[in-house]
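J.: need coordinates for the below:
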Amino acid sequence: MFCAERIVTRRHVIAAGGTLLLAGCARRREPERRVAIARAPAYGQDLYDRMYRVLTELGTSARGKRVVLKPNLVEFDAASAINTHPVFVHAALEAFRRLGAADVRIAEGPGHRRITLDLADAAGF
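T.: Okay, the predicted model is just below:
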């Protein structure tokens, strides 16, 4: 016997396809990202201690891991602060070493300057 309610129409197929498409686009729940902002009065030993303390308080797990720091070198101008300060990057490097990182590297690929090492040298790295 023929039943009209059981017929699959184009509308049903399109609706089901749209539902599947949207389900495929559903995002996985990302883990909560933790961010810290801390004042450092100078680029001295206190910055090194503070960096380690902040990473520890955030529960940063680096033991046995490889860490890459990207200092965001753009240009160099001795009269202004365009780049991440080299002491800040070094403090982060040392903090990750103290946290047991197997390897800590600094990686950069500035878009404006083609010779990264020249820019890093001029910026004090």
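J.: which residues does P86 contact?
T.: 71, 123-125 (Cβ atoms under 8 Å, 6 or more residues apart in numbering). To be clear about C-beta, it is placed using only N, CA and C from the backbone, and glycine gets the same treatment.
J.: how close does it sit to V68?
T.: 16 Å (Cβ to Cβ, to the nearest Å).
J.: how many residues are close by G100?
T.: 11 (other Cβ atoms under 10 Å).
J.: now G18
T.: So G18, with other Cβ under 10 Å, has 10 neighbours.
J.: what helix or strand does V104 sit in?
T.: Here V104 sits within strand 103-106, counting by DSSP states H and E.
J.: should've said A15
T.: Here A15 is assigned to helix 10-25, by DSSP H and E.
J.: now the element after that helix, going C-ward?
T.: Helix 10-25 is succeeded, C-terminally, by helix 45-57 (DSSP H and E).
J.: what's in contact with that following helix?
T.: Contacts with helix 45-57, where a contact means Cβ under 8 Å, 6+ apart, come from 36, 38, 40, 62, 87-88, 91-92, 94-96, 98-99.
J.: now list the buried members of the residues you listed.
T.: 40, 62, 88, 91-92, 95-96, 99 (16 or more other Cβ atoms under 10 Å).
J.: then the helix or strand of the chain with the lowest mean pLDDT to PDB, C-alphas only?
T.: Ranking every helix and strand in the chain by mean pLDDT, DSSP states H and E puts helix 10-25 at the bottom, with a mean of 76. Extracted in PDB, the C-alpha atoms of helix 10-25 (Å, rounded to 0.1, in the frame of the first residue of the first chain):
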ATOM      1  CA  ARG A  10      13.800  17.100  -2.600                       C
ATOM      2  CA  ARG A  11      13.000  19.400   0.300                       C
ATOM      3  CA  HIS A  12      13.600  16.600   2.800                       C
ATOM      4  CA  VAL A  13      17.000  15.900   1.200                       C
ATOM      5  CA  ILE A  14      18.000  19.500   1.100                       C
ATOM      6  CA  ALA A  15      16.900  20.000   4.700                       C
ATOM      7  CA  ALA A  16      18.800  16.900   5.800                       C
ATOM      8  CA  GLY A  17      21.900  18.000   3.800                       C
ATOM      9  CA  GLY A  18      21.800  21.400   5.400                       C
ATOM     10  CA  THR A  19      21.500  19.900   8.900                       C
ATOM     11  CA  LEU A  20      24.500  17.600   8.200                       C
ATOM     12  CA  LEU A  21      26.500  20.600   6.800                       C
ATOM     13  CA  LEU A  22      25.800  22.600   9.900                       C
ATOM     14  CA  ALA A  23      26.600  19.700  12.200                       C
ATOM     15  CA  GLY A  24      29.900  19.300  10.400                       C
ATOM     16  CA  CYS A  25      30.700  23.000  11.000                       C
END
